[in-house]
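Student: starting from these lines, generate the structure:
(chains A and B)
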There are 2 protein chains.
Amino acid sequence: MGKQEGAEKRMKTPVHPRIDGLIQAIARLPGLGPRSARRIVLDLLAHRESRMRPLAELMRQVADEIRECPRCGNLDLAEPCTICRDERRQGHALCVVEQVSDLWALERAGLHRGRYHVLGGVLNALEGIGPKDLRIAPLVARIDAEGVEEVILALSATVDGQTTAHYLAERLHEKGVRVTAIAHGVPVGGSLDYLDEGTLAAALKDRRPV
Amino acid sequence: MGKQEGAEKRMKTPVHPRIDGLIQAIARLPGLGPRSARRIVLDLLAHRESRMRPLAELMRQVADEIRECPRCGNLDLAEPCTICRDERRQGHALCVVEQVSDLWALERAGLHRGRYHVLGGVLNALEGIGPKDLRIAPLVARIDAEGVEEVILALSATVDGQTTAHYLAERLHEKGVRVTAIAHGVPVGGSLDYLDEGTLAAALKDRRPV
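Tutor: Have a look, this model is predicted:
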């Protein structure tokens, strides 16, 4: 919706510039646009004490206290982050992801029992993103420091994601650590005829005995 | 989406309770749910200084300064509101709406050149909402005070909206003012075969010579 912003007729609502500013700031958030932002602001205005003020205060607090975990790159209010502090997490399996959002997605699945390492992006020659722009050196340092035995690469199945996976595999093999990558294939619940050829090729290549 | 909240598996993301609280507060806003709220929070966390902090500050400011216009019931930071202060607005035509959101919608259309009066709801016997719960007495008082010649009822085409319109028409006729209601009919761009019978009946009843 955010992209239709320009298409919608310039808002003529004679609201106070500050309310208009609030609408526009909310309209810029991902997945929102001027229409949904207006609806949200009207709801906030109507529930000033019960919703608007607490939300503003919570947002300010989180903005003040949020930290990037110096160890894994996760965003948290604790430093090191809640996952890195969790003693029950197994240190021998380390899962490498591009962004904090990927870490959260994997945590919701609740299957990985080890810790994480957030790269902060993927290699991209065109955009000038090289190994030094990502948190790769800290990753290599963690292998020895934390006695990591397996690095699980959970990167996007895009050209850049796979380039980064190959680069990391090479760097990490030198350290004598086992490197694996999450499987590519047919999404659970997906039917074959809607899938692209790349996914089908990957699924066929990685077939396994049943 | 907000209604699917219960359907989604209880979030297991081991995020700090305060970040989780922020996600849940945002998920309760109209049109949003846990998924979109998470996406918004991740975006805010990634742009802490450029988006999150300014948004929190703007929201707090607006919450502090927002006022209900004592004359028309509009929400604004100015008191009386921007519309009531506007000298170019014609005082003789007064448009009555249920909610501030209706006023904003009409203003976006940009056709009404007069002022507004926000009722704050509609009559509803079941919910115990009577004339004293709405801003009806202030409306009647404005007729004389502002020299209003025509009251335009722009209320919902629902049973409660029309009950309220009838009640208001009776009260206002006593004051000798002209009372009109916005037309009901086929929405512009709408095709007949998708419309309900009530709309078709209204459109047929209010037919006009061409």
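
Student: give the contact list for the residue nearest the centre of chain A.
Tutor: Nearest to the mean C-alpha position of chain A, counting by CA atoms, centre = their mean, stands A:S101 at 2.2 Å. Residues near A:S101 by CB atoms under 8 Å, 6 or more residues apart in numbering or on different chains: B:38-39, B:42. Every residue, glycine included, has its C-beta placed from N, CA and C.

Student: how does it look with 10 Å?
Tutor: A:75, A:118, B:38-39, B:41-43, B:45-46 (CB atoms under 10 Å, 6 or more residues apart in numbering or on different chains).

Student: ok, those residues vs B:Q162, which is closest?
Tutor: Nearest to B:Q162 among the contacts of A:S101: B:R39, at 40.7 Å, using CB to CB.

Student: what about the closest one, neighbour count?
Tutor: 18 (other CB atoms under 10 Å in any protein chain shown).

Student: with the one 4 residues further on instead?
Tutor: Here the count is done by other CB under 10 Å, and B:D43 has 16 residues near it.

Student: that one contacts A:Q99, doesn't it?
Tutor: No: B:D43 is beyond contact range of A:Q99, at 11.0 Å (criterion: CB atoms under 10 Å).

Student: quick one on the thing from earlier: what's the farthest-apart pair in the contacts of A:S101?
Tutor: It's A:V118 and B:R39 that sit farthest apart of the contacts of A:S101, by CB to CB, at 17.0 Å.

Student: give me the distance from stretch A:72-82 to the chain's centre.
Tutor: Relative to the mean C-alpha coordinate of its chain, stretch A:72-82 is positioned 14 Å out (CA atoms, centre = their mean, to the nearest Å).

Student: revised request: answer the last question for stretch A:178-192.
Tutor: With CA atoms, centre = their mean, you get 18 Å for stretch A:178-192.

Student: average pLDDT for that stretch, rounded please.
Tutor: Average pLDDT, stretch A:178-192: 85.

Student: mind listing what's buried in the lengthiest helix in chain A?
Tutor: Using DSSP state H, we find that the single longest helix of chain A is helix A:159-173. For helix A:159-173, a neighbour-count test (16 or more other CB atoms under 10 Å in any protein chain shown) marks A:160-162, A:164-165, A:167-168, A:171-172 as buried.

Student: now tabulate those residues in CSV and tack on pLDDT and distance to chain B.
Tutor: Converted to CSV, the buried residues of helix A:159-173 look like this (pLDDT from 0 to 100; distance: CB to the nearest CB, whole Å):
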residue, pLDDT, distance to chain B
A:D160, 92, 18
A:G161, 92, 18
A:Q162, 92, 23
A:T164, 95, 19
A:A165, 94, 23
A:Y167, 95, 24
A:L168, 95, 22
A:R171, 92, 26
A:L172, 93, 26
